[in-house]
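Undergrad: I need the structure of the sequence given here:
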Amino acid sequence: MRQYTGSHMSQAHALIGDLEAALKGGSSERRVEILRHVADLFLSQCSAYTEHQVALFDTVILRLIGHIEQRALAQLSERFAPVANAPAGVIGQLARDNDIAIAGPVLEQSARLTDEDLVEIAGSKSQQHLLRIAGRAQLNEVVTDVLVERGDSEVASKVTSNAGALLTNSSFSKLVMWADGDERLAEVLAERPDLPPHLVRQLMVRAADSVKERLIAATPPHAQAEMQKILAEISGELNKAVTPRYYTEAKLLVRRYSQDTQLTKRKLLEFADAHRLGEAVAALSVLSGLTIDLVDRILHDPGHYGVLVLCRSIGVEWRTAQAVMSIPRMGMEPRSLAIEDVYEEYQTLGIDTAQRLLRFWKVRQMNPGANGTQRKDDVVAVRRLNPAPREETPGPLPSSR
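TA: Alright, predicted model coming up:
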């Protein structure tokens, strides 16, 4: 075997000749040996190399990667993952490998991966890839949005429990929805200090006692009284729950034209404008395919995101969605909404995202006994079977009613 002497960069240049020979006719063992030498050279002085010198190592290693066995690539990933100035091209290729043993270490640790890289990988790779991304020390909102959108129950719990992961209000709203029946996810959500107040309330509405205890424990002493007040209000609201009998006449009325989707949408606007809750719920049930009870629960959630999702998924205009959100709810305070902000949220909520959440609700109502993990896994399976429709183009901002 050739002995490499002289400066590190001279040794790297000397290895290139051996690389060409190994690629043309050398054994796999010889290629692995060269890869190990190149990696050793880089790691021995990596902090002293210029970007130009790092680029040379990048070129050499990239030539080898396509001709190296999986186990050696997994070892390379483990060695390069924590290195701040690791060759960017190599890191990018390792991160996109379908084998999680190769991709995992760099996905979880490498500082060379940009948000754009992570969004691309999270949008196309397996749940195991998403799970490793969810464990990164720092995650920006553009990445966590994709993780929440595509991830299964395990991914959702991991990104939620990651203190270094920033989450948008939209992602928090989705997670609170997923947490309905998923106690593990509900518990890690309860420990997030940045969970928006209106979602704290929404989470508590149907939370198990253990989750409520965590929420109370995480509440600062000066806010304990307010938290107890919220619990009392929620208890009162649940005692005033709407009974199925309330909707009997409304269902009979809506059934007359339920075969005409466009007419039902027009009637929904009429009912919402007239604050006729029963008929509006019945119309939404017909248009969405959800049960009356589930639609009622969505409309009575303290937050507005569920109503936005429901209206967006059935393709009604903003005017109708705004009217539905304005319907007085039995035993509850009116929603406090900044209309322009909610309008923007409605228009940026993708049709595909809304319809995926609608399919989640349908899976949940078909499997009421399933635990949270099963439900979220069902959602992922449904997503694969139902390709997302194209986005709609937002229209001009209408005036508030």
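
Undergrad: secondary structure element for Pro328?
TA: For Pro328, there is no host helix or strand (DSSP states H and E).

Undergrad: shouldn't it be in contact with Ala280?
TA: No - here Pro328 does not reach Ala280: they are 11.0 Å apart, not a contact under C-beta atoms under 8 Å. The C-beta positions use only the backbone N, C-alpha and C, and glycine is treated the same way.

Undergrad: neighbour-wise, which of the two wins?
TA: Legend: neighbour count by other C-beta atoms under 10 Å for Pro328 and Ala280, higher for Ala280 (26 against 11).

Undergrad: hang on, the more buried one packs against Leu268?
TA: Yes - between Ala280 and Leu268 there is a contact at 6.1 Å, judged by C-beta under 8 Å.

Undergrad: between those two, what contacts are shared?
TA: Shared contacts of Ala280 and Leu268 (C-beta atoms under 8 Å, 6 or more residues apart in numbering): Val324.

Undergrad: look up how far Glu108 lies from the residue nearest to Pro105 when sequence neighbours are not counted.
TA: Nearest non-adjacent residue to Pro105, counting by C-beta to C-beta, 6 or more residues apart in numbering: Ala81, 3.9 Å away. Separation of Ala81 from Glu108 (C-beta to C-beta, to the nearest Å): 7 Å.

Undergrad: now do Tyr257
TA: Per C-beta to C-beta, Tyr257 is found 54 Å from Glu108.

Undergrad: settle it for me: which of these two has more neighbours?
TA: Glu108 (18 against 15).

Undergrad: surely the more buried one is in contact with Gly135?
TA: Yes - Glu108 lies in contact with Gly135 (C-beta under 8 Å); the separation is 4.9 Å.

Undergrad: low-confidence ranges, this structure, go.
TA: Residues of the chain that meet the criterion pLDDT under 70 lie in 1-27, 181, 206-208, 218-220, 222-224, 226-228, 230-246, 330-337, 367-401.

Undergrad: what's the domain layout of it?
TA: 1-113, 187-239, 244-385 (automatic domain parsing).

Undergrad: for Ser328, give me phi and psi.
TA: Residue 328: Pro, not Ser. Torsion angles at Pro328 (phi, psi; degrees, to the nearest 10) stand at phi -60, psi 130.

Undergrad: oh, and call the first residue 875 from now on, that's how I've got it
TA: Okay, using 875 as the starting number, the last item reads as Pro1202.

Undergrad: distance of it relative to Ala1099?
TA: Pro1202 sits 28 Å away from Ala1099, going by C-beta to C-beta.

Undergrad: with Lys1139 instead?
TA: 45 Å.

Undergrad: looking at the two, which one has more neighbours?
TA: Comparing Lys1139 with Ala1099 by other C-beta under 10 Å, the one with more neighbours is Lys1139, at 17 against 10.

Undergrad: just give the closest residue to the more buried one, not the sequence neighbours.
TA: Going by C-beta to C-beta, 6+ apart, Lys1139 has Val1190 as its nearest residue, at 5.6 Å.

Undergrad: for Arg986, same thing?
TA: Closest to Arg986 by C-beta to C-beta, 6+ apart is Ile965, at 4.2 Å.

Undergrad: which stretch of helix or strand covers that neighbour?
TA: Assessed by DSSP H and E, Ile965 sits inside helix 962-969.
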